[in-house]
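Q: Sequence and predicted structure, then a few things I'm wondering about:
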Amino acid sequence: YKRIIMKHLAIISLPRLDLTRPAIAPAILSSLADEMQVTNQVFDFALKTYEQSTKEDWNEFELYWQVDLKYELSKQHKLKLDKLFDQFVTDVLALEPKMIAISVFSHNSINATTLFLEKVRLKSNAKIIVGGQGIQSKIGQNKTYAETLREKGLIDVFCSGEAETTFTKALAGEEGPGVNNWGWSQMENLDLTPVPNYKHYDLDNYHHLVTGKSLWINGSRGCVRRCDFCDIGKRWKKFRFRSGESIFHEMSKQIIDHDINSFQFADALINGSLKSFTDTNVNLIKGIESKQIHRPLFGGHFIVRPSSQMSEEHYKVAKQAGLDYISIGVETGSDELRWRMNKKFTNDDVAYHLEMCRKYEIKNLFLMFCGHPTETLADHKKTLEMFKRFRRYAAYGTISGVEVANASIIDDTPLAHWAMEHKMIYSNEGVRGDNKFWYNQFNPTLTLSERIRRQLEVYETAINMGWPMNQMTSSLKYMKRLLVQAKENNFAYY
């Protein structure tokens with residue numbers, strides 16, 4: 001690609017983001033810009049919004065960012081947000097940037113992104129580039145968020161796909177696959193991904209966990225599984241992973257440069273490829289034993305595998321390398337329902353996994369949801385029984401938390417296709433098609449109210465069995481808002 005000398009670029013991340021550690025995408029964009037000798041500055045306005053909000057402000061903004069809730073801010077909170085974003089625009093324009101790049105993390109970044117763009121466009125002629133998962137969000141029936149922004153003149157360029165292949169083209173003013181179109185091609189060799197550049201961040205200001213200062217890391221893209229409710233397979237057609245040597249190189253650089261204690265893998269599954277997982281662990285152990293690095297703690301999403309696939313040795317080596325905290329998509333306590341979801345593991349596999357994690361002191365966050373369109377009352381009761389079966393692992397601390405959501409039908413997933421084939425009543429108006437307003441006429445008792453009742457019963461059972469609950473307060477607020485919205489919209493099956 002062409003080299004561009006001394007063009008100033010502002011790279012921006014906006015709410016809604018997890019503030020445990022800085023988002024990785026802007027740091028990758030900064031590295032790519034550095035390679036092209038484009039001077040750049042990263043602004044994390046998601047963190048700034050938190051730092052400059054009262055608790056009440058923050059709670060209101062958190063509801064507002066969740067676009068499918070259609071939550072209206074009060075005049076007072078809207079004024080506060082306007083002032084904050086006016087200041088953000090002032091901070092950016094103080095650089096006199098020639099280009100502004102905005103990472104739109106998800107559909108819940110839309111309200112903040114639109115507000116910022118409307119303000120900055122009035123005051124700057126900078127070339128504006130957007131990218132990230134959120135730009136694919138649906139606005140109306142046929143248009144994406146990116147296309148809508150371009151039509152309104154709020155942006156000049158959108159980059160779909162992977163920044164490594166599209167953002168560099170956009171910076172150089174070139175067209176091509178993924179630049180103002182959706183025809184991007186997946187990278188074959190992820191070892192070519194640059195090490196993210198965090199020199200612009202004050203890492204101490206993030207809400208790090210007890211494990212200390214931490215960063216995100218990408219070890220793979222795509223997924224080896226095709227769970228029916230998940231849209232990862234739509235975005236990433238192939239599963240690609242980095243070599244253990246490449247992952248070790250990035251970890252060691254961040255440990256040395258920024259005194260990092262822990263890493264969270266952003267992968268769909270860190271053990272999607274057991275070969276890559278083992279390769280990474282072996283490289284880390286070599287680095288630890290040769291005193292190149294201290295032993296970092298790391299975690300990420302993990303697939304439960306039967307003992308025939310994942311031996312005790314895998315757990316032992318992973319712990320030696322620093323595996324500390326994993327989240328597992330258990331989803332339900334019903335083997336039959338989990339199989340219908342295409343998860344391909346049983347409660348006995350979960351029991352084996354938990355026993356290995358107890359032995360090697362690896363903590364687990366259970367991710368679950370209630371009300372899959374095919375969930376029966378018998379399936380739900382098996383979920384309640386599971387909390388009793390595994391309660392001792394909650395007492396040991398092996399299960400360190402559980403998050404329980406309510407079933408969504410996400411656009412263009414296997415479940416969404418199934419819903420259409422089975423003539424489910426399902427208004428596809430969610431920005432991401434992330435729709436909780438659906439009704440399965442072949443499972444008529446599973447109304448929205450019943451799904452929420454089951455979720456509350458899961459909370460109650462888990463608490464009674466001594467399981468630690470995560471995100472419960474925000475989930476309860478969300479559920480309440482969902483029921484209010486259903487009534488307001490006269491959703492017939494709430």
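A: Sure, I can see it. Computed from a predicted model, the values in this text were never measured in an experiment. Residues are numbered from 1 along each chain as shown.

Q: Let me know how buried His314 is, in neighbour terms.
A: 20 (other Cβ atoms under 10 Å). Yep, even glycine has a C-beta here, placed from its N, CA and C like the rest.

Q: who's in contact with it?
A: Listed by Cβ atoms under 8 Å, 6 or more residues apart in numbering, the contact set of His314 reads 271, 274, 277-278.

Q: got it, and Ala25?
A: Shown in contact with Ala25 (Cβ under 8 Å, 6+ apart): 13, 103, 105, 131-132, 163.

Q: for it, helix, strand, or coil?
A: helix (DSSP: H, G, I helix; E, B strand; the rest coil).

Q: From His200, how far out is it?
A: 13 Å (Cβ to Cβ, to the nearest Å).

Q: likewise Ile129?
A: For Ile129, the distance to His200 - Cβ to Cβ - is 18 Å.

Q: tell me the centre residue of the chain?
A: Ala266 (7.4 Å; Cα atoms, centre = their mean).

Q: quick one, phi/psi of that residue?
A: Here is the backbone geometry of Ala266 (degrees, to the nearest 10): phi -90, psi 10.

Q: for the stretch 151-300 of the chain, what spans make up the helices?
A: Secondary structure of the stretch 151-300 of the chain by DSSP state H, counting those that start in this stretch: the helices cover 163-171, 232-235, 244-258, 274-289.

Q: thinking again about what came up before, hmm, which of the contacts of His314 are the buried ones?
A: Using 16 or more other Cβ atoms under 10 Å as the burial test, the contacts of His314 include 271, 277-278 as buried.

Q: pLDDT of the top helix by length along the chain, averaged?
A: Scanning the chain for the longest helix, with DSSP state H as the assignment, gives helix 75-93. The average pLDDT for helix 75-93 rounds to 97.

Q: By neighbour count, which bits of it are buried? Give me those.
A: 77, 80-81, 84-85, 88-89, 92.

Q: out of the helices of the stretch 151-300 of the chain, nearest to Phe442?
A: Minimum separation from Phe442 across those (Cβ to Cβ) falls at helix 232-235, 25.0 Å.

Q: out of the contacts of Ala25, which are inside helices?
A: Short answer: the contacts of Ala25 in helices (DSSP H) are Ala163.

Q: Adding distance to Ser290, pLDDT and neighbour count, write the contacts of Ala25 out as CSV.
A: Below are the contacts of Ala25 laid out as CSV (distance: Cβ to Cβ, whole Å; pLDDT from 0 to 100; neighbours: other Cβ atoms under 10 Å):
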residue, distance to Ser290, pLDDT, neighbour count
Ser13, 36, 97, 27
Ser103, 36, 97, 28
Phe105, 37, 94, 22
Gly131, 38, 97, 25
Gly132, 38, 94, 25
Ala163, 33, 91, 22
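
Q: May I see the contacts of Ala25 arranged in CSV, with distance to His249 as well?
A: Formatted as CSV, the contacts of Ala25 follow (distance: Cβ to Cβ, whole Å):
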residue, distance to His249
Ser13, 25
Ser103, 24
Phe105, 26
Gly131, 25
Gly132, 25
Ala163, 19
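
Q: re earlier: would you mind telling me which of Ile129 and His200 has the busier surroundings?
A: Taking other Cβ under 10 Å, Ile129 and His200 do not tie; Ile129 has more neighbours (23 against 15).

Q: and the more buried one, how far is that from Ile24?
A: 18 Å.

Q: Show me what secondary structure element comes after the helix or strand of the chain with the lowest mean pLDDT.
A: One helix or strand of the chain scores below all others by mean pLDDT, DSSP states H and E: strand 425-426, with a mean of 75. Next along the chain after strand 425-426, taking DSSP states H and E as the criterion, comes strand 438-439.
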